[in-house]
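Participant: Below are the sequence and a predicted model for it; my questions follow.
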2 protein chains.
Amino acid sequence: MSQWSGHARQALEGAGYRSSSPRAAVVDAVAELGCSVTAREISDLLVRRGQAVGLASIYRALDLLERLRLVQRFEVGEGAARYEPVQPGGEHHHHLVCESCGEVSAFEDPALERAIERLSSRVDYAVGAHDVTLRGECPACHAR
Amino acid sequence: MSQWSGHARQALEGAGYRSSSPRAAVVDAVAELGCSVTAREISDLLVRRGQAVGLASIYRALDLLERLRLVQRFEVGEGAARYEPVQPGGEHHHHLVCESCGEVSAFEDPALERAIERLSSRVDYAVGAHDVTLRGECPACHAR
DNA sequence: GTGAATGCAAACTCTTTGCATGACT
DNA sequence: AGTCATGCAAAGAGTTTGCATTCAC
């Protein structure tokens, strides 16, 4: 994951963007928090660390990272957008959302990826990305 | 689709909810607009028809329909939630979103459903629902 | 008649934007 | 020096909530 932050900084620089410390702090926070982060969570982490960055700048940084395809934005229906680092290798995962407690966890499934790939070549859209969300109850909530 | 509105009204009544005309109008609007509707789109349709219903009541009705699993809520990243009727038979589809013009269209794919089903039984969540979004360019935007 | 549903307006949350200040190259 | 980036505060959009009124049963 730390390898992602290097990748991201390099990509930003290569695209001609300045490497200011607020921006770098956001990149680090995304790298550290990893899968499924909220703008507010990034802000909270940076405040705790004493590197507070204005929320507006966090959104601007995330927006930029998204345009450079360094993060992917998605929503699971809590009103807040979630972001996660895009791995340079292309590996990626999808999400399980617990409808009781809101927990978001990740899974990978090659068979699912293959099905989506085959499907993508069949539809009339030029498909560039996809995401899958499974909803249900996490083991902890289910036990009750 | 009209069969859905009957199903929905019956389910509402059966669950002990009053059948007021604003609520019925929302059900009809969802049935008519079908796949992928926004609260504002419902409101606009009802205004055009002269059956205007307050936005708050539309949200309350949608919320209720969702709790009764008569509609499913999802978001494709435009800030507004989308809703669609849940067919009693269980047939369902997923969505293609054009990243250029925002158009949302639907597709079905049995192979994808099978992959998700197999996957669902393997994860440690009790999976109750799923959704898949493919993002890319629609044929019209791609032509440019 | 009684409790549920509605409508309006105010409140909230998340996100974006305008603008003056400050920082990289 | 010249931009680009930041921070703050205000503006926006979507959604929710409080409360008095209306309506279904």
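Facilitator: Structure received. Numbering: from 1, shown residues only, chains lettered A, B, ... in the order given.

Participant: Okay, now the unreliable bits of chain A?
Facilitator: Along chain A, segments meeting pLDDT under 70 span A:1-2.

Participant: So for it, the centremost residue is which one?
Facilitator: A:Glu84 (1.1 Å; CA atoms, centre = their mean).

Participant: Please identify the helix or strand for it.
Facilitator: Applying DSSP states H and E as the criterion places A:Glu84 in strand A:82-85.

Participant: ok, that strand: who's next to it in the sheet?
Facilitator: strand A:37-38 (antiparallel), strand A:71-74 (antiparallel) (DSSP bridges).

Participant: From the chain's centre, how far out is it? Work that out for me.
Facilitator: With CA atoms, centre = their mean, to the nearest Å as the basis, strand A:82-85 stands 1 Å off its chain's centre.

Participant: Beyond it, next helix or strand please.
Facilitator: Using DSSP H and E, the first helix or strand after strand A:82-85 is strand A:94-98.

Participant: any residue of that next one up close to chain B?
Facilitator: Yes: Strand A:94-98 is in contact with chain B by CB under 8 Å from any CB of the partner chain, via A:Leu96, A:Cys98. C-betas here are computed from N, CA, C, even on glycine.

Participant: quick one: contacts of that strand?
Facilitator: Under the criterion CB atoms under 8 Å, 6 or more residues apart in numbering or on different chains, residues A:36, A:74, A:76-77, A:103-109, A:112, A:131-138, A:141, B:123, B:125, B:127 lie in contact with strand A:94-98.

Participant: Stretch A:18-28 too?
Facilitator: A:5, A:8-9, A:12-13, A:17, A:42, A:46, A:49, A:51, A:53-54, A:57-58, A:61-62, A:64-65.

Participant: re earlier: take the strands paired with strand A:82-85 and write them to TSV, including distance to B:Ala29 and mean neighbour count.
Facilitator: Shown next, in TSV, are these (distance: least, CB to CB, whole Å; neighbours: other CB atoms under 10 Å in any protein chain shown):
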stretch	distance to B:Ala29	mean neighbour count
strand A:37-38	32	18
strand A:71-74	28	18
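
Participant: Ok, which of those strands comes nearest DNA strand C?
Facilitator: Taking CB to the nearest atom of the strand, strand A:37-38 is the member of these nearest to DNA strand C, at 6.3 Å.

Participant: ok, that closest one near DNA strand C or not?
Facilitator: Yes: applying CB under 7 Å from any atom of the strand, one finds strand A:37-38 touching DNA strand C at A:Thr38.

Participant: Pull out the buried members of the contacts of stretch A:18-28.
Facilitator: A:Ser5, A:Ala8, A:Arg9, A:Leu12, A:Ile42, A:Leu46, A:Val53, A:Ile58, A:Ala61, A:Leu62, A:Leu64, A:Leu65 (16 or more other CB atoms under 10 Å in any protein chain shown).

Participant: doesn't A:Leu55 make contact with the fifth one?
Facilitator: No: if you go by CB atoms under 8 Å, A:Ile42 and A:Leu55 don't touch, sitting 9.1 Å apart.

Participant: what lines up beside the strand ranked longest in chain A in the sheet?
Facilitator: Counting residues, the longest strand found in chain A (DSSP state E) is strand A:126-137. If you go by DSSP bridges, strand A:126-137 pairs up with strand A:94-98 (parallel), strand B:126-137 (antiparallel).

Participant: okay, those strands, which one's buried deepest?
Facilitator: strand A:94-98 (a mean of 21; mean count of other CB atoms under 10 Å in any protein chain shown).

Participant: Quick check: next helix or strand after it?
Facilitator: Along the chain past strand A:94-98, the next helix or strand (assigned with DSSP H and E) turns out to be strand A:104-107.

Participant: now check that following strand, is it near chain B?
Facilitator: Yes: using CB under 8 Å from any CB, strand A:104-107 reaches chain B at A:Ser105, A:Phe107.

Participant: Please name the nearest non-neighbouring residue to A:Pro139.
Facilitator: The shortest distance from A:Pro139 to any residue other than its chain neighbours is 5.0 Å, reached at B:Asp124 (CB to CB, 6 or more residues apart in numbering or on different chains).

Participant: go on, A:Arg69?
Facilitator: A:Val86 (6.0 Å).

Participant: Against A:Ser100, how distant is that neighbour?
Facilitator: For A:Val86, the distance to A:Ser100 equals 29 Å [CB to CB, to the nearest Å].
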